[in-house]
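In: Kindly generate the corresponding structure for this input.
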Amino acid sequence: MNSEREPLVVSIVGAGGYSGAELVGLLLRHAGVRLAGLFGSSQRAAADAERAFASEFPTFRGLTDLPIRAASMDAILADSPDVVFLATPHEASHDFAPQLCSEGVVVFDLSAAFRLTDPNAYPKHYAFTHHHAALLQRAVYGLAELNRDNIAQAQLVAVPGCYPTSVILPVRPLADAGLLAATPIIVDSTSGVSGAGRSLALRSLFCEVSQQPYGVLTHRHQPEMEQECRTEVIFTPHLGPYPRGILSTVHATLAAGVTEADVRSALLARYAAEPFVQMLDQGVWPSVGAVVGTNRCDIGFAVDSSRRHLILCSAIDNLLKGAAGQAVQCMNIRFGFDERSGLNLPTAHPQLTAG
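Out: Down below sits the predicted model:
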């Protein structure tokens, strides 16, 4: 890229949430962008009176004096952004993204509003009717390691969910290579409490949080996993008693004749040159603590040859590789920056450290 070009003008809608705040931390230190506007979520209108971002997130004192303003199309477009990140509820992104795209803005949407290719899936899984089927078909699924060429040309990037990212990265290369039997994969994932967002809820209070399953057989990320893994998925999410990070364990049956060496070869062929995917040595297993504060996905696996049974494990930071970091990685690809730009930094939330 031309290092002397003008910086991209970037705004964030939903800057008051965990993922939005992580975006602020990454973009403030990105040499190729100018952070122009921070906006609240449209579903928090009552709380969206202008307030200092640094008072909301004291980590940023002395780093920015930008306020969080109420979100509206007029306010967002008044800053003349080249790029808008939507860290907003699904319905808000569904409304904002088409208007922004029609104005020529490149949009990176961290919600699920444009991830599923079938508009008829939205009433069932997200409880709203999708009114932008044409844009839905043009949206690019923003998993950089698997969709880099399309991201580089996209106007609307649907940044993947955190649980799906942790599952698609280890599974998709094996599905593409025909190494898995035609049976459902079983996924058990545990996410830190930050995955529930900043809204007040009893089960996420310090004295209440406990390891437990939720959304059993009903979680809205399951169809996204099936769509991108290209195989049936049975998914059980769990809440973990730690602030951030996801650990996923996947059980799959290998196709006849597939060996452990075949699995490793397929994963290395896809990820050996990837800056943010780390294949671990045999017998070394991913951990939440190892990836918190990074944009990395660690992957390990084992094979029981007698049963053709494969166990894959992965770990990501749900707020970075599962959200904000992934979105910035996509922006880097889209605008010709080094893919690692802005992504070798400490977390914006040092108080949210894995336990």
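
In: Distance of Asn318 relative to Ala158?
Out: 17 Å (C-beta to C-beta, to the nearest Å). C-beta: built from backbone N, CA, C; applies to glycine.

In: how many neighbours does Thr249 have?
Out: With neighbours defined by other C-beta atoms under 10 Å, the count for Thr249 comes to 17.

In: Distance-wise, check it relative to Asp188.
Out: From Thr249 to Asp188 the distance is 5 Å (C-beta to C-beta).

In: ditto for Arg244
Out: Taking C-beta to C-beta, one finds Arg244 at 19 Å from Asp188.

In: I'd say Val284 and Ile299 touch.
Out: No. Shown here, Val284 and Ile299 do not form a contact pair, counting by C-beta atoms under 8 Å, at 10.3 Å.

In: Compare those two (neighbour count), which wins?
Out: Of the pair Val284 and Ile299, Ile299 is the one with more neighbours under other C-beta under 10 Å, namely 22 against 12.

In: buried set for whichever strand or helix holds that one?
Out: Assigned by DSSP states H and E, Ile299 belongs to strand 297-304. Across strand 297-304, burial judged by 16 or more other C-beta atoms under 10 Å covers 297-301, 303.

In: ok, now stretch 310-322?
Out: In stretch 310-322, counting by 16+ other C-beta under 10 Å, buried: 310, 312-322.

In: do the same with stretch 136-147
Out: Quick answer for stretch 136-147 (16+ other C-beta under 10 Å): 136, 139-147.

In: can you list the weak-confidence ranges in the protein?
Out: Across the chain, the ranges flagged by pLDDT under 70 are 1-4, 42-49, 196-200, 202-203, 207, 345-355.

In: mind giving me the domain split of it?
Out: Structural domains assigned to the chain are 8-159+323-334, 162-316, following automatic domain parsing.

In: Distance from the chain centre to the last one, please.
Out: What it means is domain 162-316. 13 Å (C-alpha atoms, centre = their mean, to the nearest Å).

In: heads up, I number from 39, so please use that
Out: In the new count, where the first residue is 39, that last one comes out as domain 200-354.

In: start to end distance for it?
Out: 8 Å (C-alpha to C-alpha, to the nearest Å).

In: Tell me, how many residues neighbour Gly63?
Out: That count, for Gly63 with other C-beta under 10 Å as the rule, works out to 22.

In: Gln250 now?
Out: Count around Gln250 with other C-beta under 10 Å applied: 11.

In: got it, and Val71?
Out: For Val71, the neighbour count with other C-beta under 10 Å is 23.

In: where's it relative to Ser149, distance?
Out: 21 Å.

In: Any chance of the buried residues of stretch 174-185 in CSV with distance to Arg308 and secondary structure as columns?
Out: Shown next, in CSV, are the buried residues of stretch 174-185 (distance: C-beta to C-beta, whole Å; DSSP: H, G, I helix; E, B strand; the rest coil):
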residue, distance to Arg308, secondary structure
Leu174, 27, helix
Ala177, 23, coil
Val178, 19, strand
Tyr179, 16, strand
Gly180, 17, coil
Leu181, 12, coil
Ala182, 12, helix
Glu183, 7, helix
Leu184, 8, helix
Asn185, 12, helix
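
In: Looking at those, which one is closest to Ile106?
Out: Gly180 (24.5 Å; C-beta to C-beta).

In: The closest one: what's it in contact with?
Out: Applying C-beta atoms under 8 Å, 6 or more residues apart in numbering, one finds that Gly180 lies in contact with 146, 189, 192, 195-198, 364-365, 368.

In: same thing with Leu46?
Out: So Leu46 contacts 70-72, 120-121, 369, 373 (C-beta under 8 Å, 6+ apart).
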